[in-house]
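Novice: A structural model of the following input is requested.
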Amino acid sequence: MNTPSGRRRAGLLYSLGATLLWASLPIALKALVEAMDAQTIAWYRFLGAALVLGAYLYRRRAWPSPAAFRGSALVALLIAIIGLTANNVVFVLGLDFISPSAAQVVIQLAPIFLLVGAVLLFGERFDRAQWAGFVILIAGLALFFNQRLDELSVRWTGYTTGILFVVLAALLWAAYGLAQKQLLGAFRPAPVLWLLYLAGALLLLPLADPAQVGSLDGVRLALLVYCSLATVGGYGSFVEAMVHWEASRVSAVIATCPLLTVGLTAAAARAAPEYVQPENLNALSVAGAALVVVGSIVAARALPIRTGA
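Specialist: Numbers count the residues shown, from 1 in each chain. The predicted structure follows:
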């Protein structure tokens, strides 16, 4: 079990870094999925991240020892590999059907799933504050999708499929997050992340079509590179934040992603409309995104997750 270092400022800064990178990723991925399939995008992201982080570890001579991963550590590593790899593929599958902001709002279920998992694994009690946060989040989701409630509740469409893909991605992310949290008690973040990226690239290789990169224009090629770098930076910042700060506080900061994505999508649509489509969000949708953030923060901050003996 990992014990936070208590360096709250470092925990906050790393959390903010992960939030900014993760808020912008759906926008870049949405532009990419129009020219590449989900598994190929994920393969390039993992391969690029493994190369970048591998170079860093080589300079530091900080390679992970395979012999150290046995017993519960090996189980946690396998869960983290499967959860992170599948999350990256399934999330992009969802983006093929819905907008970046919609995907970011729905993926906010991930911190809630993470909290539920922490309750089950760490023996914490899901009290009234957590329930209140969950209710606020659900109300926010209903408001955000106010223009599509009939479509989501009455008839099955591609939009419904996209929402369900992102819900599944949220579950997979929570499994990864809980497993990663367990690994931090015994291993440094960078070597573990390198193993996750390398294993993900190997798992996806039979499913990927690397030749698709030849069809990308300059902008999309740059976005693919950005996604690989943001993968290293985002997850690196996340695990470093978990080293220095409680999981509940990290989750609270990351919960602000939806509002950032809404704003960044609007700005990107004005700057590059040929790559980013504008979203027709009304006032209720924006208010719903804000409520999702509030609900996630209330639930996360109310949970005193034990991170040490």
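
Novice: so where does residue 143 fall, helix or strand?
Specialist: Under the criterion of DSSP states H and E, residue 143 resides in helix 128-144.

Novice: can I get the CA coordinates of that helix in PDB?
Specialist: Backbone C-alpha positions of helix 128-144 (Å, rounded to 0.1, in the frame of the first residue of the first chain) are rendered in PDB as follows:
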ATOM      1  CA  ARG A 128     -23.900  10.500   2.700                       C
ATOM      2  CA  ALA A 129     -21.400  12.900   1.200                       C
ATOM      3  CA  GLN A 130     -20.300  10.300  -1.400                       C
ATOM      4  CA  TRP A 131     -24.000   9.500  -2.200                       C
ATOM      5  CA  ALA A 132     -24.700  13.200  -2.600                       C
ATOM      6  CA  GLY A 133     -21.800  13.600  -5.000                       C
ATOM      7  CA  PHE A 134     -23.000  10.700  -7.000                       C
ATOM      8  CA  VAL A 135     -26.500  12.100  -7.300                       C
ATOM      9  CA  ILE A 136     -25.100  15.500  -8.300                       C
ATOM     10  CA  LEU A 137     -23.000  13.800 -11.000                       C
ATOM     11  CA  ILE A 138     -26.000  11.900 -12.400                       C
ATOM     12  CA  ALA A 139     -28.000  15.100 -12.400                       C
ATOM     13  CA  GLY A 140     -25.200  16.800 -14.300                       C
ATOM     14  CA  LEU A 141     -25.100  14.000 -16.900                       C
ATOM     15  CA  ALA A 142     -28.900  14.400 -17.400                       C
ATOM     16  CA  LEU A 143     -28.500  18.100 -17.900                       C
ATOM     17  CA  PHE A 144     -25.500  17.800 -20.200                       C
END
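
Novice: what residues sit buried inside it?
Specialist: 130, 133, 134, 136, 137, 140, 141, 143, 144 (16 or more other CB atoms under 10 Å). In short, each C-beta sits where N, CA and C put it, glycine included.

Novice: now swap in stretch 229-245 and tell me
Specialist: So for stretch 229-245, counting by 16+ other CB under 10 Å, buried means 230-245.

Novice: how many other residues sit next to the nearest residue to residue 79 once chain neighbours are set aside?
Specialist: Excluding the flanking residues, the one nearest residue 79 by CB to CB, 6 or more residues apart in numbering is residue 179, at 4.0 Å. Applying other CB atoms under 10 Å, we find 23 residues neighbouring residue 179.
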